[in-house]
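K.L.:
Got a predicted model here, sequence first, then my questions.
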Amino acid sequence: MRESPARELWVGLFVLVGLAALAWLSFSVGGVESLRAGGLQLTATFDEIGGLKKRAQVVIGGVRVGQVKSIDLSDDFRARVTLDVDQKLALPADTSASILTSGVLGDQYIALEPGGEPDMLRSGEPIQFTQSAVILERLIGKLIQNIGGDSKEQE
Amino acid sequence: MSPAAPVRAIGASVLRAVRGLGRFSLFVTAVLDAGARPPFRLRRLLGEVYDAGVLSLLIVCVSGFAVGMVLGLQGHNTLSRFGAEESLGAVVGLSLIRELGPVLTSLLVAGRAGSAIAAEIAAMNVTEQLDGLRMMSVEPLDFVVAPKALGMILAMPLLSTLFVVFGILGGWMVGVAVLGGDSGSYLSTLEDSVAFWEDVVGGIIKGVVFGVLVGFIATFRGFTARATTAGVSAAATSTVVIASVATLIFDYFITALWGY
């Protein structure tokens, strides 16, 4: 019982188009290349990361160069963030990292500022200079304390 | 009526459910066993991929496009209140890839192809074609059931992927072409927010699991239907009901286990 050639053609087309759609979702939309090993892995330790999440952007001067790979707690109870940055970048050893927010309520991201040292950061090395996230609620809390709290001068 | 009667009724229905699940598991293992041994009915499989996949293309693509358009419209209206229209791509893409694509495709395919599979097998049973095959020592599980179930498992993830792609196109149509959003930010928020492993692979896993559910439920209901005309229609109806409910319940558990 042979299938007609037209049917075979349709099934072949169906499978090919389906696979092409899958490839588009995987490579273009899903960014499968970000899974590839060999990117520059840097760690940075912050006192406070606010709402920073995995896969948040890492930028230099607004240009996206990588993403946050993982976030965990270091031995001295600070937040250790692992960054996965484009391998082609040669970042000076005194590069600093700060956590910023895009817009007032926007996502948080990490901005790197390259320093001027001749030595370069290698994969796995920590970024020495970090600036923590600014927590809006805490700022407002301090402000209210400063304005209204003459009696309780804690800070 | 003795006071124990309601309790007995509960017990009976639990036993019936367990017996049904047991029969279903035996059926699935028998089909997998038949499908895994030669002869591999590749011609039959091709025909079933055509019936379940190619013939469902139109309904799946049109539905995907329409769902994407609605998501684009609703998303645009809601997001523009917060001045976040540029996140539309992320909203449309994530909801389609994670949930709507696989789930709606499964519901559509269960209604379109699942019911047809159940009715066809049940009708073959009524007209004694299955017995005829057995007479020629051709095992119906191998010749009829396994290609249908496997064809569904192959077709479902592909259909679901196409649903997602057409949905993203539909969202782009409304959000960008009609309502004048920015095409670049639609695509870039889409690309930024969708992760390959969590979202794309999770969606494909859902498609495969739903294909397994619809394929085996449809063939099971058809194969075990009563050999009457009423049995044929009951098989088609119960396939759609059971497969749809199973899709929605399994969707929750896959989402919970895959760790979105």
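P.N.:
Received it, and whenever you're ready, just let me know what you need.

K.L.:
The lengthiest helix in chain A near chain B at all?
P.N.:
As assigned by DSSP state H, the longest helix anywhere in chain A is helix A:5-23. Yes: using Cβ under 8 Å from any Cβ of the partner chain, a contact is recorded between helix A:5-23 and chain B, made by A:7-8, A:10-11, A:13-15, A:17-19, A:21-22. Heads up, the C-betas are built off the backbone N, CA and C, glycines and all.

K.L.:
If you count neighbours, what's buried in that helix?
P.N.:
Neighbour counts using 16 or more other Cβ atoms under 10 Å in any protein chain shown place A:7, A:10-11, A:14-15, A:17-18, A:21-22 of helix A:5-23 among the buried residues.

K.L.:
what residues does that helix touch?
P.N.:
B:46-47, B:49-50, B:53-54, B:57, B:155, B:157-159, B:161-162, B:164-165, B:200, B:204 (Cβ atoms under 8 Å, 6 or more residues apart in numbering or on different chains).

K.L.:
closest to chain B among the buried residues of helix A:5-23?
P.N.:
Chain B has its nearest neighbour among the buried residues of helix A:5-23 in residue A:18, at 2.9 Å by Cβ to the nearest Cβ.

K.L.:
returning to that earlier point: if we check chain A, which of the contacts of helix A:5-23 are in contact?
P.N.:
B:46-47, B:49-50, B:53-54, B:57, B:155, B:157-159, B:161-162, B:164-165, B:200, B:204.

K.L.:
which residues of chain A score low on pLDDT?
P.N.:
Low-confidence segments of chain A, defined by pLDDT under 70, are located at A:1-3, A:30-38, A:103-106, A:149-155.

K.L.:
next SSE after the longest strand belonging to it?
P.N.:
Of all the segments of type strand in chain A, defined by DSSP state E, the longest one is strand A:63-73. From strand A:63-73 onward toward the C-terminus, using DSSP states H and E, the following helix or strand is strand A:79-85.

K.L.:
mind listing what that next one pairs with, with the direction of each?
P.N.:
The strands that strand A:79-85 pairs with in its sheet are strand A:40-46 (antiparallel), strand A:63-73 (antiparallel) (by DSSP bridges).

K.L.:
Can you name the residues in contact with it?
P.N.:
Everything outside strand A:79-85 that qualifies as a contact, by Cβ under 8 Å, 6+ apart, is A:34, A:39-49, A:52, A:58, A:65-74, A:91, A:97, A:110, A:112, A:127.

K.L.:
now stretch A:48-60
P.N.:
With Cβ under 8 Å, 6+ apart, stretch A:48-60 has contacts from A:64-71, A:79, A:81, A:83-85, A:89, A:99, A:101, A:107-114, A:132-135, B:192, B:195.

K.L.:
Please, a PyMOL command that selects the buried ones among those?
P.N.:
Typed into PyMOL, the next command selects the buried ones out of those (criterion: 16+ other Cβ under 10 Å):
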select buried, (chain A and resi 65+66+67+68+69+79+81+83+84+85+89+99+101+107+108+109+110+111+112+114+132+133) or (chain B and resi 192+195)
